[in-house]
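In: Turn this into a model:
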Amino acid sequence: MPTVTSSSITHLSILGLDDDSFELARVCESTPNLQHVSISFLGDGVSIFLTSPVLSITSFELSLATGDYNLRNILESVPNLCRLKVEGIEYISGHEWENIISNHLLKLKIFHFDMIRRFEKNETTEEQVDKLLDTFRTPFWLHQYGWFVRCEWRLSSSLFYLYTLPYAFSSHGIKCPLFLKSTCPQENKQQSYDAVRTLIYSPTTTTTATTTTTSTTTTQDPSTCRNGTHILDNGNCVTIDQAIITAVNTLRNNITNSTVVAETLSQYISLLPNSSSTLNQSYKLTVDEIDTCLNKIKDVNLTLNTNDSILVAQPVNQGGNVMTLGASFTRATGGQVINTANTGNIINSFSSAAAIISNQSLAGVKSLNMLIIDKLTAYKDLDKSSDRFLASSVIVVALHRNDSASTSTNISLYFQVLQEYHPNRVAQYYCSFYDTTSSKWNESGCTIPKNNTAFNRYECSCNHLSTFALVWSPYVTPCNTSTHVSMSNGSCLSKLTTQIETVNTLRGNTTNSTVIADALSSYISAITDSNTTLNSSYTLSVNEIDTFLSNINNTNITKNTNDSILVVQQPNQGDNVIVLGASFTRGTGGEVVNNTNKERVTNSYLSTAAIINEESLDGVTSLNILIIDKPTTYENIDNSTNKTVASSVIVVSVQRNSSAEPRMNISLYFQLLKRNQTIDRPEYFCSFYDTMNSSWNESGCTKPRYNPTFDRYECSCNHLTSFALVWLPKVPLTRYLNAQDIASLIFQSISILCFIAIIIHGLTIRVCNPMASLQARDLLPLISCAVTMILFIFYIALAMTVYTKTTYDDEKQCFLSSSILMFFVYFFLIFMFCVKTSIGYFNYVRFVRLFPEPSHRNLFIMLVISFFISITWVSFAAGFNSNLSFQITQLYPYKLCWFTGDVIYYFLTIPVGVFLLINIFIFIRVAQRILNHIQNAKSPHQSYERMKLCILVLLSSCATQGIGWLFGPFLTFVNENTANVLGWFFNIFNGLEGLWAIILYMIIRSQRLDERKRLMALKELTESTRISFIRREKSRKKDSNRESFVFDDLYGLETIDMTNASC
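Out: Numbers count the residues shown, from 1 in each chain. So this is what the prediction gives:
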């Protein structure tokens, strides 16, 4: 250890250290300006420590044999470190590194490591690799610093190697087969190893050593791999499943080497038919992946020919006027490239499968890729939703063009029916491509295959490129579906015969799931629209149908007819596909619903569907669903509630691998049967058939909600059984008027009668005593009462219209006549408050300003303005109501059509409150004027008093109406007792309007009578004065002094108060 301090040393390198006495802390103390440190250890017993922070070190390199040599202690003591490079250390997760760097190495910019980790035996290699790399996929690594990590492993080793990219160390070892996976989305493998100077490569077991490289390989005895479970893969004896996993990982690792892709894909096709049943399904390539791999092969000229497939990837133009056109494959012989020179020979041979693209279709094509697969393990049971079955080899085709322009395609296909896929019944063949969107074999764009008996094959052509095969479905003898049923074996039986045979089959205690499914599906078709009367002993009960459906297990079956669909499938179909239920469309047929097509199915015009929540299928091994389009068996089976089936019937059951049952949630979709679409006012229920009580029951099911977009009802249930949409005739609500409703009508009617009595009295006086009748201008204050009476008339008409209309509990929308009357009521309500306010204000002005009197023209202008305010406000409300999305009005059965509780504040409370505030202001001003008059007036004036009373009555009328109508909004949220009290206040305040009208009329008549008395007194005074004048005139000459008195009398006559103060 150093004993001298050196301030000039800035770089320190120590190589091959194998001494446990090394003290790094002492070295740092002796070199205070040390910036760059590089240490290489050989031993495994060395420990190094830093006892205090070293601020000078900015670069640190450490190469270890094993262990971590207290690495964390060192890193926590160099806070100014900018560059770190460690090699050979034991695995430290990305999360741990993130914690160290974030807390202690904030200045770190460059970081390289090479770490080692051993396999865990209880997890697969792929799972462990993903777990390791996931800790380096956080934003810290990918975005903040941009550091990427690769994992490297070999099947023959129990170690993982993890290192940063690009690889920063001078030596690197490779032993095939080698597998790589990284966190870098677009890595360049060629540039990843630019720093390597010594490469240790081991392709075989021979040992060779040179000064620059060391290579170690091992030769495996081929005889040890000659069995059905192992193969020799790159010199290593591995199981077939391991080789498949290796091939799949290679193909999924985004490799760009076309030769490697082609060789690995060809090897995978050969290995897959021999894989074990325990192979994880995730290590089977999907159809999409095989298509993608074939399409990735570019810029090569190769042909890979095995006993299981042929893979061709060649330029179209081979020179010498030879063009590559396709490929063929002959079982037990192998494949052959087809070109313009050998086309005729191959067409006229017994090929198992062949594909030839026309010369014109290859214009502008750079290269042609084709894969013919003889053994179809990867393509078996792909189509689970239709009766299509593979019959031939599979042909996959892809083209690479020189430009984006594409010409029409014409590819000729030739298929022999393979012996192992030969139909076991009369079959109909189709030339099909696999539609990855719908996961079905599809014939679109392909011709009907023709049978070439000379070469024992079927020939067809297609106008596009894809994955092709010859498929078959059971040939169905054309039947008259009204009287016969097409059986699964292709025969055609009468409905009567079918019903008898299927019932006997089902009751024969068979355990064959396929037989049960065929018989149950055919039985449904036999009883649908059957005109034949049969002994009830050949009719299955609801219980029997449930039981037979539940007995189908351990199979994947889909029976699709025009009358029903029967689905029995395992929920987990692999490739992340989960079967959730089934749907049926009248006139088209049914479809299996899974998590990939659920959205498309539910957003279509289906007749019936049942979809189970994915969480509810936990532990389910078999999902059995039967949808019966026309449920003959289920008609008239409920004699206790008289509920009638209105839709198709859905029967559902599941089988579980454990007794634990998660919460069930099944969504149901029902369109009405045609015969139920004309029922007048039905009430629908989402029901299940309760076999214990022999009745339809809604327990555990929600109320059906109508979906107008798809013309169907939707609901959900929390259990499984037989479901249907059922109906009962709706019972109208009972007509009922409570005491408040009756009182409201009576009080308003009394007010109307009071006003009518006023009119009758006024007319009678006018006829009998014209001199005592009222003038038109005297009646102006009664206009406010007249408007209120019109309001009451329309209110009563609205109430009676709604009361006489039969209403059901689900009716919330106002009918036309009620809406019209409601807006008339609303108009006169606003107009009433406007008029009362206008007249109140006008009389207030008259009360305040006696000379000169306000012009009646001003009152007329205010009334016109009131009309336009009212019509505008009502038009605003009617406009909102015309838009159904706002829902501002609703029907209150047998009571009113009025505003909803959500908007009544805007359309009633606010305008009424505004008018009340105005009237309160006027009332206060009048009160001030009255108090001022009481304080200053020397004697009471009768006309003035009556005018005051007139104004007070007008304001009181406005106040009682305003307060009464303000109670309405409070009725929507207060409790029942409070609402009852407020309702009575509303009735009483409305009833006071008649009283105010009579009082106002009496005040007006009193004013008129007072005026008449004053006029009579004036007349009598004038007459007596005239007589006195005549007498004095006669005696004027006698007494000249009396003349002045005459003039005084005349002056007194002229100054008599002639004021006509009216209300």
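In: can you list the weak-confidence ranges in the stretch 301-450 of the chain?
Out: By pLDDT under 70, the low-scoring segments of the stretch 301-450 of the chain are 384-386, 404-406.
In: can I get the CA coordinates of the host helix or strand of Val654 in PDB?
Out: Per DSSP states H and E, Val654 falls inside strand 644-656. The C-alpha coordinates for strand 644-656 follow below in PDB (Å, rounded to 0.1, in the frame of the first residue of the first chain):
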ATOM      1  CA  THR A 644     -96.000 -15.000 -23.100                       C
ATOM      2  CA  VAL A 645     -92.700 -15.400 -24.900                       C
ATOM      3  CA  ALA A 646     -91.900 -12.400 -27.100                       C
ATOM      4  CA  SER A 647     -88.400 -13.400 -28.400                       C
ATOM      5  CA  SER A 648     -86.100 -16.200 -29.200                       C
ATOM      6  CA  VAL A 649     -85.000 -18.400 -26.200                       C
ATOM      7  CA  ILE A 650     -81.500 -18.700 -24.900                       C
ATOM      8  CA  VAL A 651     -80.400 -21.800 -23.000                       C
ATOM      9  CA  VAL A 652     -77.000 -21.500 -21.200                       C
ATOM     10  CA  SER A 653     -74.900 -23.800 -19.000                       C
ATOM     11  CA  VAL A 654     -71.300 -24.100 -18.000                       C
ATOM     12  CA  GLN A 655     -69.000 -26.800 -16.700                       C
ATOM     13  CA  ARG A 656     -66.200 -25.900 -14.300                       C
END
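In: hang on, isn't Ala743 packed against Phe986?
Out: No: the criterion here is C-beta atoms under 8 Å, and Ala743 misses it with Phe986 at 9.7 Å. Just so you know, the C-beta spots here come from the backbone N, C-alpha and C atoms, and that holds for glycine as well.
In: Quick check on these two: which one has the bigger neighbour count.
Out: In this view Ala743 and Phe986 are compared by other C-beta atoms under 10 Å, and Phe986 has more residues nearby, 22 against 18.
In: Now do the SS call for that one.
Out: Here Phe986 is helix, with the state taken from DSSP: H, G, I helix; E, B strand; the rest coil.
In: Confirm for me that it is in contact with Gly964.
Out: Yes: with contact defined as C-beta under 8 Å, Phe986 counts as touching Gly964 (4.8 Å).
In: how far away is the residue nearest to the spatial centre of the chain from Ile611?
Out: Taking C-alpha atoms, centre = their mean, the centroid of the chain lies closest to Glu599, which sits 8.9 Å from it. For Glu599, the distance to Ile611 equals 11 Å [C-beta to C-beta, to the nearest Å].
In: Check Ser93 too.
Out: Taken as C-beta to C-beta, the span from Ser93 to Ile611 is 42 Å.
In: More neighbours: the two, which one.
Out: Shown here are Ser93 and Ile611; by other C-beta under 10 Å, Ile611 has more neighbours (22 against 16).
In: Could you give the bridge partners of the more buried one?
Out: Gly581, Ser667 (DSSP bridges).
In: Quick check: it vs Ser640, distance?
Out: 31 Å.
In: returning to what we had before: what strands flank the strand holding Val654, and is each parallel or antiparallel?
Out: So strand 644-656, judged by DSSP bridges, has these partners: strand 620-628 (antiparallel), strand 722-729 (antiparallel).
In: TSV for those, including mean neighbour count?
Out: Output for the strands paired with strand 644-656, formatted as TSV (neighbours: other C-beta atoms under 10 Å):
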stretch	mean neighbour count
strand 620-628	24
strand 722-729	23
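In: With mean pLDDT added, can I get the ones you listed in a markdown table?
Out: Below are the strands paired with strand 644-656 laid out as a markdown table (pLDDT from 0 to 100):
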| stretch | mean pLDDT |
| --- | --- |
| strand 620-628 | 92 |
| strand 722-729 | 89 |
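In: In TSV, list those strands along with distance to Met1016.
Out: TSV is the format used below for those (distance: least, C-beta to C-beta, whole Å):
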stretch	distance to Met1016
strand 620-628	98
strand 722-729	76
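In: just so I know, which of those lies nearest Ser784?
Out: strand 722-729 (49.7 Å; C-beta to C-beta).
In: and the next element down the chain from the closest one?
Out: helix 739-768.
In: Let me know the angle separating the helix or strand that that following helix is followed by from helix 739-768.
Out: Downstream of helix 739-768, the first helix or strand assigned by DSSP H and E is helix 782-804. Orientation check (axes from the mean of the first three to the mean of the last three C-alpha atoms, to 10 degrees): helix 782-804 against helix 739-768 gives 140 degrees.
In: Buried ones in the helix or strand following helix 782-804, by neighbour count?
Out: Reading on from helix 782-804 to the C-terminus, the next helix or strand found by DSSP H and E is helix 816-848. By neighbour count with 16 or more other C-beta atoms under 10 Å, helix 816-848 contains the buried residues 818-844, 846-847.
In: how far off helix 782-804 does helix 816-848 point, in degrees?
Out: 160 degrees.
In: buried residues in the strand holding Val654?
Out: Thr644, Val645, Ala646, Ser647, Ser648, Val649, Ile650, Val651, Val652, Ser653, Val654, Gln655.
In: Hmm, which of those residues is lowest in pLDDT?
Out: Lowest pLDDT of those: Thr644, 86.
In: So it sits against Trp727, correct?
Out: Yes: Thr644 is within contact range of Trp727, at 5.7 Å (criterion: C-beta under 8 Å).
In: low pLDDT regions in the stretch 1-150 of the chain?
Out: 1-3, 16, 18-22, 42-47, 65-69, 121-122.
In: where exactly do the strands run in it?
Out: For the stretch 1-150 of the chain, the strands defined by DSSP state E, counting those that start in this stretch cover 11-17, 36-41, 59-63, 83-90, 110-118, 148-154.
In: Wait, a helix at the residue nearest to the centre of the chain?
Out: Yes: under three-state DSSP, Glu599 sits within a helix.
In: Quick check: the gap between it and Met664.
Out: Counting by C-beta to C-beta, the gap from Glu599 to Met664 is 22 Å.
In: Also Gly319?
Out: Taking C-beta to C-beta, one finds Gly319 at 68 Å from Met664.
In: same question, Tyr841
Out: From Tyr841 across to Met664, the span is 69 Å (C-beta to C-beta).
In: burial measure for the closest residue to Asn597 other than its chain neighbours, as a count.
Out: Nearest residue to Asn597, sequence neighbours excluded (C-beta to C-beta, 6 or more residues apart in numbering): Ser438, at 7.3 Å. If you count neighbours by other C-beta under 10 Å, Ser438 ends up with 15.
In: is it true that Ser438 touches Asn594?
Out: No: applying C-beta under 8 Å, one finds Ser438 not in contact with Asn594, separated by 11.0 Å.
In: per-residue confidence at Phe986?
Out: On the pLDDT scale, Phe986 gets 77.
In: Repeat that for Val300.
Out: Taking Val300 on its own, its pLDDT is 89.
In: That one and Ala313, how far apart?
Out: Taking C-beta to C-beta, one finds Val300 at 5 Å from Ala313.
In: Ile963 too?
Out: Ile963 is 91 Å from Ala313, by C-beta to C-beta.
In: neighbour-wise, which of these two wins?
Out: Neighbours were tallied for Ile963 and for Ala313 using other C-beta under 10 Å; the higher tally belongs to Ala313 (26 against 14).
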